[in-house]
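Colleague: Compute the structure for the input listed below.
(2 chains)
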Number of protein chains: 2
Amino acid sequence: MLFFTQCFGAVLDLIHLRFQHYKAKRVFSAAGQLVCVVNPTHSLKYAPTRCAAAQASTEQGILPPCHHHEAVHDPQLVPCTCPLFSCPWEGHLEVVVSHLRQTHRINILQGAEIVFLATDMHLPAPTDWIIMHSCLGHQFLLVLRKQEKYEGHPQFFATMMLIGTPTQADNFTYRLELNRNQRRLKWEATPRSILECVDSVISDGDCLVLNTSLAQLFSDNGSLAIGIAITTSKVHSSEAEV
Amino acid sequence: MLFFTQCFGAVLDLIHLRFQHYKAKRVFSAAGQLVCVVNPTHSLKYAPTRCAAAQASTEQGILPPCHHHEAVHDPQLVPCTCPLFSCPWEGHLEVVVSHLRQTHRINILQGAEIVFLATDMHLPAPTDWIIMHSCLGHQFLLVLRKQEKYEGHPQFFATMMLIGTPTQADNFTYRLELNRNQRRLKWEATPRSILECVDSVISDGDCLVLNTSLAQLFSDNGSLAIGIAITTSKVHSSEAEV
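Modeller: The predicted structure is shown next:
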């Protein structure tokens, strides 16, 4: 009996997942868009020493400050690149992708335009939804974070970071788009380098920010679909046109 | 001496205004866009009885609830249409435009696409920036409000409302666009009817919401330029495309 109940539960899960895929595909119906279901990672409490070791040297040598700077033991090590709250990992820029895949089992997707379908938006803060995105010869990291900047008022923050240097990041533009219930919200910006510490980007609010009420308006059955597109931006002319 | 000092101050003000216009025109350089400098209206403290008399009858007969409903004395009167915090005015829908122009000296602009340049963004909450926009045979009201939903954390809320009924409002789509520092934020939605009470729209968060940090990123010298466009939306197909 228990076996049949479990089987029935599994079948229901599969139907639910299939339904989510179908809904997302219906909404994001442009040809060639890949819909990826992303499950949440419930983060541990914020550790203030996470950004303790300062940033590694970069091509420019200038990086926005992380909180609580201390001496760098090895300038080739990258302490802030793993965006997961609970991870004390540090390592070279070249091995960030394999660390995220192997240790945190973060998926990597191909294609210039994908749809990121974050499930279980109701989970309490802090929670992360993370995926890697491979396109235009580089790897990007999309981080959606539910966090309480003001106590009792969780917000959603979404940003895209290049797994590369700030100079490389300047060559790209990313777009995040929400589209539901006759409402559309688009955020376009130059991705930050993963060397710049995702926590700083979010605490500065320099990303797509959603209040809970707005997130609910764009959610469907507890899932939030975010359309992602990355383009090269050789000459940034965005300010000249509206 | 005092006369010369005053003259010099006035000339400086003019140069500053001209500079703001020039900057906005440079950013929003699309042909035919009208740049309108909008000064703030510092609102009085929120009066809970402002939405006291319930909504007037509409074509649909259904309106989102305003807070603190009481009996309607005259169903033809519209108590919530004047978005200014301190105004106890109520009147018929047909005379809202003239009330806003005459009593509150709110400008009305022509054209499908305009640029709303809100000045003095640093002023403390609550503050409103309001303008009327005449296009496609109708009048719309753009309200930008600085308000503290969470104490000590002011946010900016921008929405567009049709000075008309909800059924009329369903025929339009409005777009608000911020564009500066290699960042772009777009909000598209169906305008709400002015009968629906701007306070409810803002408290529901069903509008463009900006944290102070994001507002600063998009501001230039204390002014925020918002590109506005209104289109008709006979068949709403926004969900089918990204």
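
Colleague: tell me which strands and helices the longest strand seen in chain A is in contact with?
Modeller: Ranked by number of residues, the top strand in chain A under DSSP state E is strand A:138-150. Secondary-structure packing of strand A:138-150 (3 or more CB pairs under 8 Å, 6 or more residues apart in numbering or on different chains; DSSP states H and E): strand A:113-118, strand A:127-135, strand A:153-162, strand A:172-180, helix A:198-204, strand A:223-232. (C-beta placed from N, C-alpha, C; glycine too.)

Colleague: Just name the most buried of those.
Modeller: Most buried of these, by mean neighbour count (mean count of other CB atoms under 10 Å in any protein chain shown): strand A:113-118, with a mean of 24.

Colleague: Not including adjacent chain positions, what is the nearest residue to A:Ile108?
Modeller: A:Met132 (4.1 Å; CB to CB, 6 or more residues apart in numbering or on different chains).

Colleague: how about low-confidence regions in chain A?
Modeller: Low-confidence segments of chain A (pLDDT under 70): A:1-34, A:42-86, A:234-242.

Colleague: again, only this time at 80
Modeller: A:1-90, A:112, A:197, A:234-242 (pLDDT under 80).

Colleague: partner residues bridging A:Cys36?
Modeller: When bridges are called by DSSP bridges, A:Cys36 pairs up with A:Phe116.

Colleague: That one and A:Lys186: what is the separation?
Modeller: 19 Å (CB to CB, to the nearest Å).

Colleague: Let me see the contact set for the residue nearest to A:Ile108.
Modeller: A:97, A:100-101, A:106-109, A:139-142, A:163 (CB atoms under 8 Å, 6 or more residues apart in numbering or on different chains).

Colleague: Now render these as CSV, adding neighbour count.
Modeller: Converted to CSV, the contacts of A:Met132 look like this (neighbours: other CB atoms under 10 Å in any protein chain shown):
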residue, neighbour count
A:Val97, 18
A:Leu100, 26
A:Arg101, 13
A:Ile106, 21
A:Asn107, 14
A:Ile108, 14
A:Leu109, 19
A:Gln139, 18
A:Phe140, 24
A:Leu141, 24
A:Leu142, 26
A:Ile163, 24
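
Colleague: could you redo these as CSV and give each row distance to B:Val115?
Modeller: Below are the contacts of A:Met132 laid out as CSV (distance: CB to CB, whole Å):
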residue, distance to B:Val115
A:Val97, 43
A:Leu100, 42
A:Arg101, 46
A:Ile106, 41
A:Asn107, 42
A:Ile108, 41
A:Leu109, 38
A:Gln139, 38
A:Phe140, 32
A:Leu141, 35
A:Leu142, 32
A:Ile163, 37
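
Colleague: ok, and the closest non-adjacent residue to A:Gln216?
Modeller: Excluding its sequence neighbours, the residue lying closest to A:Gln216 (CB to CB, 6+ apart) is A:Met121, at 7.9 Å.

Colleague: correct me, but the one you found touches A:Leu217?
Modeller: No - here A:Met121 lies out of contact with A:Leu217, judged by CB atoms under 8 Å, at a distance of 11.6 Å.

Colleague: show me what contacts A:Thr212?
Modeller: A:153-156, B:205.

Colleague: Quick check: the farthest pair among these?
Modeller: A:Pro154 and B:Gly205 (12.9 Å; CB to CB).

Colleague: Name the nearest of the contacts of A:Thr212 relative to A:Pro40.
Modeller: A:Phe156 (11.5 Å).

Colleague: How about the contacts made by the residue nearest to the closest one when sequence neighbours are not counted?
Modeller: Leaving out its chain neighbours, the residue that sits closest to A:Phe156 by CB to CB, 6+ apart is A:Leu210, at 4.2 Å. Each residue near A:Leu210 by CB under 8 Å, 6+ apart is listed here: A:155-158, A:178, A:185, A:218, B:209.

Colleague: Am I right that A:Leu210 sits in a strand?
Modeller: Yes - A:Leu210: assigned to a strand according to DSSP: H, G, I helix; E, B strand; the rest coil.
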